[in-house]
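>>> Need the 3D shape of this:
(chains A and B)
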Amino acid sequence: MSLLAIIFVAILADNIVFNQFLGICPYLGVSKRLETSLGMGIAVIFVMALSAIVTWVVYNFLLIPFDLGYLRTIAFILIIAGLVQLVETILKKTNPTLFRALGIYLPLITTNCAILGVAILNVQAEHNIIETIVYAIAVAIGFTIALIIMAGIRERLELADLSSHLRGAAVSLVTAGILSLAFMGFKGIMTL
Amino acid sequence: MTTLAQEFTKGIVKENPLFRLILGMCPTLAVSVTAINSFGMGVSVIAVLLCSNIVISAVRNVIPAKVRIPAYIMIIATFVTLVEMVLNAFAPELFEALGIFIPLIVVNCIILGRAEAFARKNTIGRSIIDALGIGLGYTISLVLLGVIRELFGAGSIFGYQVMGTAFEPMGVLAVAPGAFITLGVMLGLFNYLFKHFGIE
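Numbers count the residues shown, from 1 in each chain, chains lettered A, B, ... in the order given. Reported below is the predicted structural model:
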C-alpha cells in the first residue's frame, strides 16, 4: 500500500475521532478554544509519533522474538506513560518556552486512548517502520483537524440559544455526529 | 457514612458513569452497534473494575502516593490482559467484534477514576460494592444505547428480528454518525429527566 493512501485514509477517510472513536475524551474536553486545540494537537502529533516508533521497536525486536506477544497491552501502556514523563522532563530542562506551551497537555496524553490505539493498530496492520511513522503522524494530524473544526464550531455554540439540558457534552456529541456524517463522504474516494 | 446500599445504587443513578460523569465515551460509541456487543463490553468492564478495585484497595497502604498512578495502570493492564485472553479463548466472536477496544479498557477513564477516587481510600468490601454499582450503571446505559441503535439500525434486539419485514432499517444509526447523535440526544434526554425528578 502506498504511503499516500495511508496518509489520505488516516487523516480523512478513517479519521481517528469521527470514524474510529478514539480520543473522544480530549476531543470533548479540550476543544473549547482554538488556541488550546492547536496546542493539544501539536503535543499529540509529537507524542504519537514518538510512542509509535518506540512501541514498534519493542514489539518487533523484544516481544515477538521472545514469544511475549500477550504482554503487548502492559508493555505499550508502560512505554507510553514513561515516554510522556520523559518528554515532559526533557522539555522542562531544554526548552522552557515550548514546555509552557505544551506542558499542561502532556499529562492528559497518557490516558488518551488514541495513543495506545494507534500503537496497537500499527502492530496489528503489520506496518513496517516507515509506514508506522507516517501512519502515526497522519492520524495525529487528523485528530488535530477534528479538534480545530470542533473548537471553531463550539466558540459559536456558546452564543447559541439552546435548551439548558442540551448544553455542553450533549450538543457537542450531536455536532460531532453531523461532522462525522460529512467525513463519511471521504470514504467514497478511498478505503483500505 | 453512607450505607452499603447507597454505595451500590449511586453508580446506577446519581453517579452513572456514562450519563452523569460522561466517562468512557470511546468504547461506548464504538461497541454500541448491537445490544449483545454492548453487554459483552459492559461485563468485561465490570470484571476489570472489580478485580482492580479489590487489588488497589488491598495494597492502598503499601503504594507510595507519588508513584500510585503508574502502579494503578499496571494493575489494571494486568487484568485487561487476562480478560483479553479469556475472551479470545471462550468467546472468539465477541473478541472479534470488540477488537481493539478490549486492550483499550486500560485507558478507560472509569476504571482509573474509581481507583483514584474510591478504592485507594476505602476498605476492600466497600470497593467491591462500588465496583459492582458503577460497573452495573455503565453496563445498563451501554446496553440501553445498544438496544436503541440495534432496534432502529437493524430492526432487531439481541439478534432477534422484532420490527417485521415492512420496517426499513435506518442505516445511519449503525455507523459512526449514528453513535454520536444517539448518545448526544440521550444525554440531553437524561439531563432533562434528572432535573425533572430532582436528582442532582
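>>> so where is chain A shaky, pLDDT-wise?
Scanning chain A for pLDDT under 70 picks out the ranges A:1, A:102-104, A:110-111, A:191-192.
>>> Before we move on, what's the pLDDT of residue B:161?
Looking at residue B:161, its pLDDT is 83.
>>> Run the contact check for stretch A:160-174 versus chain B.
Yes. For stretch A:160-174 and chain B, the contact criterion (C-beta under 8 Å from any C-beta of the partner chain) is met by A:163, A:165, A:166, A:169, A:170, A:171, A:172, A:173, A:174. Where you see a C-beta, it was placed from the backbone N, CA and C, and this is true even at glycine.
>>> burial measure for the third one, as a count.
Right, the one you point to is residue A:166. 21 (other C-beta atoms under 10 Å in any protein chain shown).
>>> Over to the first one?
When counting by other C-beta under 10 Å, one arrives at 11 neighbours for residue A:163.
>>> Now list the buried members of the residues of stretch A:160-174 next to chain B.
A:165, A:166, A:169, A:170, A:171, A:172, A:173, A:174 (16 or more other C-beta atoms under 10 Å in any protein chain shown).
>>> Any chance of those in a markdown table with distance to residue A:126 as columns?
Below are those laid out as a markdown table (distance: C-beta to C-beta, whole Å):
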| residue | distance to residue A:126 |
| --- | --- |
| A:165 | 47 |
| A:166 | 44 |
| A:169 | 37 |
| A:170 | 40 |
| A:171 | 40 |
| A:172 | 36 |
| A:173 | 34 |
| A:174 | 37 |
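>>> Sitting in helices, which of the residues you listed do you find?
A:169, A:170, A:171, A:172, A:173, A:174 (DSSP state H).
>>> How about the contacts made by the first one?
With contact taken as C-beta atoms under 8 Å, 6 or more residues apart in numbering or on different chains, residue A:169 is in contact with A:28, B:22, B:184, B:187.
>>> If we use 7 Å, what do you get?
Listed by C-beta atoms under 7 Å, 6 or more residues apart in numbering or on different chains, the contact set of residue A:169 reads A:28, B:22, B:187.
>>> need the contact list for the second one.
For residue B:22, the contacting residues are residue A:169, by C-beta under 7 Å, 6+ apart.
>>> if I look at the most centrally placed residue in chain B, how far off is residue A:43?
By C-alpha atoms, centre = their mean, chain B has its centre lying nearest to residue B:138, at 3.8 Å. As judged by C-beta to C-beta, to the nearest Å, residue B:138 and residue A:43 stand 29 Å apart.
>>> does residue 22 count as helix, strand or coil?
In the absence of a named chain, this looks at chain A. Reducing the assignment at residue A:22 to three states with DSSP: H, G, I helix; E, B strand; the rest coil gives coil.
>>> you looked at the wrong chain, it should be chain B
coil.
>>> what distance separates stretch A:80-97 from the centre of its chain?
Computed by C-alpha atoms, centre = their mean, to the nearest Å, the chain-centroid distance of stretch A:80-97 equals 18 Å.
>>> If you could redo that for stretch A:166-186, that was the one I meant.
Centre-to-centre, stretch A:166-186 and its host chain are 18 Å apart (C-alpha atoms, centre = their mean).
>>> okay, it in PDB with CA atoms only?
What follows is stretch A:166-186, C-alpha atoms only, in PDB (Å, rounded to 0.1, in the frame of the first residue of the first chain):
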ATOM      1  CA  LEU A 166     -28.600  20.100  25.700                       C
ATOM      2  CA  ARG A 167     -25.700  22.500  26.600                       C
ATOM      3  CA  GLY A 168     -22.200  21.000  26.900                       C
ATOM      4  CA  ALA A 169     -21.500  17.400  26.100                       C
ATOM      5  CA  ALA A 170     -24.900  16.600  24.500                       C
ATOM      6  CA  VAL A 171     -24.800  19.200  21.800                       C
ATOM      7  CA  SER A 172     -21.100  18.600  21.200                       C
ATOM      8  CA  LEU A 173     -21.800  15.000  20.500                       C
ATOM      9  CA  VAL A 174     -24.700  15.800  18.100                       C
ATOM     10  CA  THR A 175     -22.300  18.200  16.300                       C
ATOM     11  CA  ALA A 176     -19.600  15.600  16.100                       C
ATOM     12  CA  GLY A 177     -22.200  13.200  14.600                       C
ATOM     13  CA  ILE A 178     -23.000  15.700  11.800                       C
ATOM     14  CA  LEU A 179     -19.300  16.300  11.200                       C
ATOM     15  CA  SER A 180     -18.800  12.500  11.100                       C
ATOM     16  CA  LEU A 181     -21.500  12.300   8.500                       C
ATOM     17  CA  ALA A 182     -19.600  14.800   6.400                       C
ATOM     18  CA  PHE A 183     -16.300  12.900   6.800                       C
ATOM     19  CA  MET A 184     -18.100   9.700   5.600                       C
ATOM     20  CA  GLY A 185     -18.000  11.300   2.200                       C
ATOM     21  CA  PHE A 186     -14.300  10.800   2.000                       C
END
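>>> ok, the residue nearest to residue A:30 when sequence neighbours are not counted - contacts?
Leaving aside its sequence neighbours, residue A:30 sits nearest to residue A:40 (C-beta to C-beta, 6 or more residues apart in numbering or on different chains; 4.6 Å). Taking C-beta under 7 Å, 6+ apart, we find residue A:40 in contact with A:26, A:30, A:105, A:147.
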